[in-house]
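Participant: Based on what follows, work out the 3D shape:
(chains A and B)
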Amino acid sequence: MTKKHSVLLKEEKCEGCTNCVKGCPTKAIRVHQGKAWIKEDLCIDCAECIRACEYHAKYTKTDQLSEILESEYPILLIPPSFYSQFSAKISAQKIKKAIKKLGFKEVFDVADAAAALSRKTLDFLNNNSGTYISTSCPVIVRLIKLQFPDLIEMLIPLKSPVELIAERVERKFKEEKNIVPDIFFLTPCPAKLTTVQRAIGQKTSFLSGAIGVENIYQNIYESLEDIVLEEEENQLTTLATLWGSEGGEESILKSWQNINTLSVSGISEVKKLLDEIERNNIPEAIRYFELTSCTNGCIGGVLNVINPFQSQFNLEERIKKIREIMQKQNIDLIRKDDEFYNFALSNKITADNVSKLDNDFKKAMQKLEQLQKEIEILPGLDCAACGAPDCKTFAEDVINGRASRTDCIFMLREQLGRLADDLSILANELPPVMGSKKEEADDS
Amino acid sequence: MSLQKQQILNKEIESFDFQSGGEASSNLKNILRKLGVPSQTVRKTAIITYELEMNVVIHSLGGELTALISEEELEIRVDDSGPGIEDLDKAFTAGYSTASDEIREMGFGAGMGLVNVKRYADQIDVKSSKEEGTHVKVIINLTN
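Facilitator: Residues are numbered from 1 along each chain as shown, chains lettered A, B, ... in the order given. Have a look, this model is predicted:
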């Protein structure tokens, strides 16, 4: 059975508590028979349940290093956030060499495509009116598809940096070396992994797979020990390493042009912002939103190894060094190699209409009425003991036949109370035959 | 085919209650999604109801928002108990606002409220008097 998602449940570890149920931003989890099941249609791979679970019962299924290295021509793509997992004293070149030594044929920086994408984004914003939302965080795109479908048109129709570089690398190897490479992504989050199977705005992903940072970090760390750089190699690369943390994309754009942008991170904050956007309660002057599901951006990804605060420091230190180098050079706004990227999304991003009660309006109206009645009956304590996150969601499950009213312990108690009353009445009511006998006995 | 509209929401709106201002609009948005109303219509409704709701919060002594629906149209009624709009024509003029400086400092009162409502509504009807307050009725078509 192929799973649509990469956040999964380790059944044996789940204690059946409802921490993940209550923490899920799309209300996708229900505890049923003591285990927390994820509803695939509603999951957006944000990993909040992994963060919420004390028992580590929610996990991410990524590729394993040994499996990846079995492929014929493995290539690894490194996201900007990965450099936050190391002290800035360890150069990017050294880290990349250490990765290659593990058995990868080549490694590439996603930051290179991110820089090109930022240039393209600026170009797009200057040639189009209106306000746009970055498509780089797949969780945000899925959140919009699911809960804010009317904002889909605000998603900038450009590929994410990972897909951009993967497509370019694939073409490069095919054309130059007649090799079809297997391209893997070193991912800080489960969401990017899911896009390998379910690409957004594209027919298929250009990636063959993805490996979580936590699944390879130890190997890289050990491999680093005997790496000696032959000469003073160029310190990386591009300022787009900034993309690794919140506000990075924004500050790249602003470094070129005075443009109104806003960055928001953390899925609950993003949801609040989207609500405000939806009712036109955000200044129209803002042209671009950089939104990331993880607090602090990709460095806050759940598959990272180093804590996000240390990561933030590491990344800032590294960026300081990059800025020093950059000051000595003149960086052009448009690079010649930008033309090698194919920025446009090939498919339209479509809504996931799962909130409908029924396809037929009249039936939906009937269900809505039932739903409102059901909500009235329920205690409204949102205790989650029924396995749903709150009474309203439970009510919806009930009217859709996915739960029964007595799954609510309060409703069950009420029903038991009524039953007990009936029982006592019945118990005290003697059958007429017995009654008459008793009377006779009394008489004698 | 019944033209009878059914009430799907009725919510009280309190004067100067900025904490819950916007709740009626959020609730209505969720209900419309459950009914399968097209997303662009949901957006229009969210904008309209939020504007009207905030008008009640900012300018009135309190009121209520009622939404009724049939397969053909959505009707939103916002009724408050005063003090009424002094000059209705001016209220429909872009940039005109009677909001206090304090309210403007909060980012409201740009004078686009009713102008925006009119822009997104298919029909709008406003009745207002000092004695009886302001009564807005908005119709949004659900059939193309």
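Participant: Can you pull the phi/psi pair for A:Ile282?
Facilitator: phi -130, psi 140 (degrees, to the nearest 10).
Participant: Now do the closest residue to it other than its chain neighbours, the pLDDT please.
Facilitator: Nearest residue to A:Ile282, sequence neighbours excluded (Cβ to Cβ, 6 or more residues apart in numbering or on different chains): A:Glu276, at 5.1 Å. To be clear about C-beta, it is placed using only N, CA and C from the backbone, and glycine gets the same treatment. pLDDT recorded at A:Glu276 is 95.
Participant: Residue of the stretch 151-300 of chain A closest to chain B, please.
Facilitator: Checking the stretch 151-300 of chain A residue by residue against chain B with Cβ to the nearest Cβ singles out A:Arg279 as nearest, at 3.8 Å.
Participant: who's in contact with that residue?
Facilitator: B:Gly22, B:Ser25, B:Ala46, B:Ile47, B:Thr49, B:Tyr50 (Cβ atoms under 8 Å, 6 or more residues apart in numbering or on different chains).
Participant: what sits up against the helix or strand A:Gln372 falls within?
Facilitator: Taking DSSP states H and E as the definition, A:Gln372 sits inside helix A:361-377. With Cβ under 8 Å, 6+ apart as the test, helix A:361-377 has contacts from A:356-358, A:391-392, A:395-396, A:398-400, A:405, A:411, B:6, B:8, B:31, B:34-36, B:69, B:71.
Participant: Equivalent analysis for stretch A:80-89, please.
Facilitator: Stretch A:80-89 has contacts (Cβ under 8 Å, 6+ apart) with A:92, A:95, A:109-111, A:114, A:186, A:188, A:213, A:217, A:236, A:240-245, A:248, A:297-299, A:301, A:304-306, A:311-312, A:314-315, A:317-318, A:320-321.
Participant: Now, these that are in helices?
Facilitator: Secondary structure from DSSP state H places A:92, A:95, A:110-111, A:114, A:217, A:248, A:311-312, A:314-315, A:317-318, A:320-321 of the contacts of stretch A:80-89 in helices.
Participant: Just the buried residues out of these, in ChimeraX syntax.
Facilitator: Filtering the ones in helices among the contacts of stretch A:80-89 down to the buried ones (16 or more other Cβ atoms under 10 Å in any protein chain shown) takes a single ChimeraX command:
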select /A:92,95,110,111,114,217,248,311,312,314,315,318,321
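Participant: Flag whichever of the ones in helices among the contacts of stretch A:80-89 scores worst on pLDDT.
Facilitator: Taking the ones in helices among the contacts of stretch A:80-89 together, the minimum pLDDT is found at A:Lys321 (87).
Participant: you'd agree A:Glu167 is up against A:Thr204?
Facilitator: No: assessed by Cβ atoms under 8 Å, A:Glu167 is found out of contact with A:Thr204, at 10.7 Å.
Participant: neighbour-wise, which of those two wins?
Facilitator: A:Glu167 (21 against 10; other Cβ atoms under 10 Å in any protein chain shown).
Participant: Can you tell me the SS state at the more buried one?
Facilitator: helix (DSSP: H, G, I helix; E, B strand; the rest coil).
Participant: ok now do the residue nearest to it when sequence neighbours are not counted, which residues does it touch?
Facilitator: Leaving aside its chain neighbours, A:Glu167 sits nearest to A:Phe206 (4.5 Å; criterion: Cβ to Cβ, 6+ apart). Contacts for A:Phe206 (Cβ under 8 Å, 6+ apart) come out as A:Glu163, A:Ala166, A:Glu167, A:Glu170, A:Ile183.
Participant: For those residues, which single residue is the most surrounded?
Facilitator: A:Glu163 (30 neighbours).
Participant: Which residue is the nearest non-sequential neighbour of that one?
Facilitator: A:Phe206 (5.6 Å).
Participant: B:Ile139 too?
Facilitator: Per Cβ to Cβ, 6+ apart, closest to B:Ile139 is B:Gln123, 3.9 Å.
Participant: Can you get me the centre-to-centre distance for the strand or helix carrying A:Glu250 and its chain?
Facilitator: Counting by DSSP H and E, the element that carries A:Glu250 is helix A:248-256. From the chain centre to the centre of helix A:248-256 is a distance of 23 Å (Cα atoms, centre = their mean, to the nearest Å).
Participant: and that helix, which residues are buried?
Facilitator: A:Gly248, A:Glu249, A:Glu250, A:Ser251, A:Ile252, A:Leu253.
Participant: TSV please, covering those residues and showing distance to A:Gly380.
Facilitator: Output for the buried residues of helix A:248-256, formatted as TSV (distance: Cβ to Cβ, whole Å):
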residue	distance to A:Gly380
A:Gly248	42
A:Glu249	42
A:Glu250	41
A:Ser251	45
A:Ile252	47
A:Leu253	46
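Participant: can you tell me which two in the residues you listed are farthest apart?
Facilitator: A:Gly248 and A:Leu253 (9.9 Å; Cβ to Cβ).
Participant: Show me the strands in chain B, by range?
Facilitator: B:6-13, B:63-69, B:73-80, B:123-129, B:133-141 (DSSP state E).
Participant: what packs against the last one?
Facilitator: For strand B:133-141, the elements it packs on are helix B:39-59, strand B:73-80, helix B:113-120, strand B:123-129, judged by 3 or more Cβ pairs under 8 Å, 6 or more residues apart in numbering or on different chains; DSSP states H and E.
Participant: Paired strands for that strand, with orientation please.
Facilitator: Applying DSSP bridges, strand B:133-141 is found paired with strand B:73-80 (antiparallel), strand B:123-129 (antiparallel).
Participant: Could you tell me the angle between the direction of that strand and that of helix B:113-120?
Facilitator: Counting by axes from the mean of the first three to the mean of the last three Cα atoms, to 10 degrees, strand B:133-141 lies at 20 degrees to helix B:113-120.
Participant: rewinding a little: between strand B:6-13 and the helix holding A:Gln372, find me the angle.
Facilitator: On the basis of the same axes, to 10 degrees, helix A:361-377 is oriented at 40 degrees to strand B:6-13.
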